[in-house]
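Asker: what's the 3D shape of this:
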Amino acid sequence: MSDPSSDSANHSVGEVLGRIPSGVFILTAADGQGRETGMLASWVQQAGFEPPCVTVGVNHDRYLNGWLEQNPHVALNLVGDGQFEWLKHFGKGFEPDEAAFAEIDLTRTPQGVPVLTGALGYLAGSIIGQVATGDHTIYVVQIDSAQLNTDLSELKPMVHIRKDGFRY
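Answerer: Presented below is the predicted three-dimensional model:
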């Protein structure tokens, strides 16, 4: 067994971690005071059947963590294969007061969270738990509403595979 702290062991860990496939989502949220934002999220996984739950990872450095403490409602908008405009737009990141949804068609969940009408679909819900894991917080979201965009039903979800498991 190799020493996990060695460079070659870390390289191997990074290679294998990076090959774990994940979907691509736009996580949308609001601060409850009129500001709202969206960010790319690929660390999303189903975590329960009854009630339906998913987990999502958010880097500790993101201001969104503070917002979620005040207003624990989110939507996960599923990105379709070929919808690269979402990656370009949301990949740059936004400051807390910056308009993340300028010129983007939206609807809203009953809790007021923005939903991208052009996404394949969305899952929306409330955070019911969280755990700090190194440089990220993993949130458990209980899903209370969802909708599939039937106009885009021929598109497959975008899948992300990283070259290195230590970077996005």
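Asker: in the chain, which helix has the most residues?
Answerer: Looking only at the chain and at elements set by DSSP state H, the helix with the highest residue count is helix 7-18.
Asker: what's the average pLDDT for that helix?
Answerer: When pLDDT is averaged along helix 7-18, the result is 84.
Asker: now swap in stretch 157-168 and tell me
Answerer: Averaged across stretch 157-168, pLDDT comes to 86.
Asker: next, the distance between the ends of it.
Answerer: Looking at stretch 157-168, the gap from its leading to its trailing residue is 18 Å under the measure C-alpha to C-alpha, to the nearest Å.
Asker: okay, buried residues for that stretch please.
Answerer: For stretch 157-168, a neighbour-count test (16 or more other C-beta atoms under 10 Å) marks Met158, His160, Arg162, Gly165 as buried. Just so you know, the C-beta spots here come from the backbone N, C-alpha and C atoms, and that holds for glycine as well.
Asker: and the spatially most central residue of the chain, what does it touch?
Answerer: Taking C-alpha atoms, centre = their mean, the centroid of the chain lies closest to Ala41, which sits 2.8 Å from it. The contact partners of Ala41, by C-beta atoms under 8 Å, 6 or more residues apart in numbering, come to Val24, Phe25, Ile26, Leu27, Val56, Gly57, Val58, Leu76.
Asker: the third one pairs with what?
Answerer: When assigned by DSSP bridges, Ile26 has beta-bridge partners Leu40, Asn77.
Asker: do the fifth one as well
Answerer: Under DSSP bridges, the beta-bridge partners of Val56 are Val44, Tyr139.
Asker: counting contacts, what elements does the lowest-mean-pLDDT helix or strand in the chain pack onto?
Answerer: Within the chain, judged by mean pLDDT, DSSP states H and E, the helix or strand with the poorest mean is helix 7-18; its value is a mean of 84. The criterion is 3 or more C-beta pairs under 8 Å, 6 or more residues apart in numbering; DSSP states H and E, and there are no helices or strands that helix 7-18 contacts.
Asker: go through it and flag the buried ones.
Answerer: Judged by neighbour count (16+ other C-beta under 10 Å), helix 7-18 contains these buried residues: Gly14.
Asker: how distant is stretch 81-92 from the center of its chain?
Answerer: Average the C-alpha atoms of stretch 81-92, do the same for its chain, and the two points are 13 Å apart (C-alpha atoms, centre = their mean, to the nearest Å).
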